[in-house]
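**Q** Just the structure for this:
(chains A, B, C and D)
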There are 2 protein chains.
Amino acid sequence: MADQLREAREGLIQSLGRVSAFWGFSKIVGQLYGLLYLSPAPLSLDDMAVALGASKGNVSINVRLLERLGMVRKVWQRGERKDYYEAETDFWQIVKDILREREKKEFDQALRSVSDCLRLAAEVTGRTGAGTPIRAEAAFVEGRLRRMEEFFKLIDGFVHSVLVLEDLRFPPPFGSGRGGADPAGTPTR
Amino acid sequence: MADQLREAREGLIQSLGRVSAFWGFSKIVGQLYGLLYLSPAPLSLDDMAVALGASKGNVSINVRLLERLGMVRKVWQRGERKDYYEAETDFWQIVKDILREREKKEFDQALRSVSDCLRLAAEVTGRTGAGTPIRAEAAFVEGRLRRMEEFFKLIDGFVHSVLVLEDLRFPPPFGSGRGGADPAGTPTR
DNA sequence: TAATATGTTTAGGAAACGCTGAACGACGGG
DNA sequence: CCCGTCGTTCAGCGTTTCCTAAACATATTA
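**A** Numbering: from 1, shown residues only, chains lettered A, B, ... in the order given. As a prediction, this is how the structure comes out:
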């Protein structure tokens, strides 16, 4: 009975560990999220460390990464001096945060770089006489770069639309802060 | 003039190297693709090796990875004994191939695992008497797992629709094989 | 068959990474 | 003011990853 529950828990923890590793994070990041996600009550640093058999230091670093990604929240337990963490259960919120935090930065840089290269190539085609071999080459490079820029902009637009679409569905209360009530989380407690 | 062209080329190569590393591949994978993408003519193994200052072995392994991902094609030059490679320029095709090759496998496994865990937890809730503490715990875990499964299935459906949507836009000629002419690639040659 | 050209595999070293355990600093209570 | 409790940081270590150079396999030509 209880064993089966434990099995389910650990199954998810292991599984999310895999996912995490696959996406270039360390395994423990996913495991931490899985642990918190299936925990009815918030957990302390030590709770997590013993549950996963990892060192405090390791947990400290990676749980803060999760917090930076918006996948986990620090919650204060009245009377307690420890930090407690609980999982963010709104997956769309998580997707948005990750898109902003991780993808967007790196992606924007790539897009900018491609645009820069395109400008360079375009200058060459503009300034060289028609018919010269270097002109033909530059025209080719320019064409390819333009196609790539187009594609990148398409993706960028898509990401943007995901971000604003969700913002509309869960509008922030007033000026700032996180909006919308947890749509289906935390049945217990 | 020509220097500027070279600068544009190397800019893209460097940039795609970054992107590649960011997505968990080695840097040279992206660089190879950038090199081929901006090359008017197919390149041989040695061409790529000297262009990127890498060893033949390294290029051999990574260009085959690109081929497996569908980002690069082997082309035979008449009379030549070497293998030549050129870039696949249809980015949507590439996205599809990558979704199939990389994401889908790993993702399906995660989804299956979550479903398994869910089944386990559901069994516990089904078999324990109402009101017991273990029952409450199991119900909580079951609820969370169900929400996660839902989300995963949603993503799965999205990926599926991308795959079939594009298949409809570029239908394969008859029984099998790659369909649709390159929509905007290869202006030179 | 020997000689040449080409692609692949592999052994080994270098660099990067992840994790631990201990040291450290901050903070609050006795 | 000191002591215990926390969270964070960091040096060290083992593992993994990446890359090169050389050996190897295969195919082509003389």
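**Q** Name the SS class of the nearest residue to residue A:159 once chain neighbours are set aside, please.
**A** Among residues not flanking residue A:159 along the chain, residue A:99 sits closest, at 5.7 Å (CB to CB, 6 or more residues apart in numbering or on different chains). Just so you know, the C-beta spots here come from the backbone N, C-alpha and C atoms, and that holds for glycine as well. Here residue A:99 is helix, with the state taken from DSSP: H, G, I helix; E, B strand; the rest coil.
**Q** Identify the residues contacting residue A:99.
**A** By CB atoms under 8 Å, 6 or more residues apart in numbering or on different chains, the contact list for residue A:99 reads A:159, A:162, A:163.
**Q** how near is the most centrally placed residue in chain A to residue A:91?
**A** In chain A, the C-alpha closest to the average C-alpha coordinate belongs to residue A:98, at a distance of 2.2 Å (CA atoms, centre = their mean). As defined by CB to CB, to the nearest Å, residue A:98 lies at a distance of 10 Å from residue A:91.
**Q** Kindly report the same for residue A:126.
**A** 48 Å.
**Q** Which one of these two is surrounded by more residues?
**A** residue A:91 (17 against 10; other CB atoms under 10 Å in any protein chain shown).
**Q** Walking through chain A, point out its strands one by one.
**A** In chain A, the strands defined using DSSP state E lie at A:43-44, A:72-75, A:84-87.
**Q** what's the closest of those strands to chain B?
**A** Evaluated over these, closeness to chain B peaks at strand A:84-87, with 8.6 Å, by CB to the nearest CB.
**Q** Around DNA strand C, which positions in chain A sit nearby?
**A** Along chain A, the residues adjacent to DNA strand C under the rule CB under 7 Å from any atom of the strand are A:25-28, A:53-58, A:61-62, A:81.
**Q** So which of those reach chain B?
**A** Of the residues in these, proximity to chain B by CB under 8 Å from any CB of the partner chain holds for none.
**Q** Using pLDDT, spot the least trustworthy of the residues you listed.
**A** Least confident by pLDDT among the residues of chain A next to DNA strand C: that is residue A:81, with 89.
**Q** quick one: it from residue A:45, how far?
**A** Taking CB to CB, one finds residue A:81 at 12 Å from residue A:45.
**Q** Let me have the strands of chain A in a markdown table, extended by distance to chain B.
**A** As requested, the strands of chain A are arranged in a markdown table below (distance: least, CB to the nearest CB, whole Å):
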| stretch | distance to chain B |
| --- | --- |
| strand A:43-44 | 14 |
| strand A:72-75 | 14 |
| strand A:84-87 | 9 |
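**Q** Could you look over these and pick the most buried one?
**A** Neighbour counts (mean count of other CB atoms under 10 Å in any protein chain shown) averaged over each of the strands of chain A peak at strand A:84-87, with a mean of 21.
**Q** If you count contacts, what does that strand end up packed against?
**A** If you count contacts as 3 or more CB pairs under 8 Å, 6 or more residues apart in numbering or on different chains; DSSP states H and E, strand A:84-87 packs onto helix A:27-37, strand A:43-44, helix A:56-68, strand A:72-75.
**Q** Just say which of those is most tucked in.
**A** Of those, the one with the most neighbours on average (mean count of other CB under 10 Å) is helix A:27-37, at a mean of 25.
**Q** Can you tell me which of the residues of chain A next to DNA strand C is nearest DNA strand D?
**A** When those are compared for distance to DNA strand D (CB to the nearest atom of the strand), residue A:57 comes out closest, at 2.7 Å.
**Q** That closest one and residue A:49: what is the separation?
**A** In this view, residue A:57 and residue A:49 are 9 Å apart by CB to CB.
**Q** What of residue A:77?
**A** Following CB to CB, the distance that separates residue A:77 from residue A:49 is 17 Å.
**Q** for residue A:109, same thing?
**A** To residue A:49, residue A:109 is 36 Å away according to CB to CB.
**Q** how close does the residue nearest to residue A:159 get to residue B:92?
**A** Relative to residue B:92, residue A:99 is positioned 20 Å away (CB to CB).
**Q** Against residue A:165, how distant is the closest residue to residue A:101 other than its chain neighbours?
**A** On the basis of CB to CB, 6+ apart, the spatially nearest residue to residue A:101 that is not a chain neighbour turns out to be residue A:69, at 5.8 Å. Distance, residue A:69 to residue A:165, by CB to CB: 20 Å.
**Q** do the same with residue A:115
**A** Residue A:115 is 26 Å from residue A:165, where distance means CB to CB.
**Q** So between those two, which is more surrounded?
**A** Summary of the neighbour comparison: residue A:115 and residue A:165, criterion other CB under 10 Å, with residue A:115 having more neighbours (16 against 11).
**Q** burial measure for the closest residue to residue A:7 other than its chain neighbours, as a count.
**A** Setting aside the residues directly before and after it, residue A:7 is nearest to residue B:120 in space (CB to CB, 6+ apart), at 5.8 Å. The tally of other residues near residue B:120 (other CB under 10 Å) stands at 22.
**Q** From what I see, residue B:120 and residue A:8 are in contact.
**A** Yes - with the criterion set as CB atoms under 8 Å, residue B:120 and residue A:8 qualify as a contacting pair; they are 4.0 Å apart.
**Q** Residue A:139 versus the residue of chain A positioned farthest from its centre, what's the distance?
**A** Ranked by distance from the centre of chain A (CA atoms, centre = their mean), the top residue is residue A:131, with 48.4 Å. When CB to CB is the yardstick, residue A:131 and residue A:139 sit 11 Å from each other.
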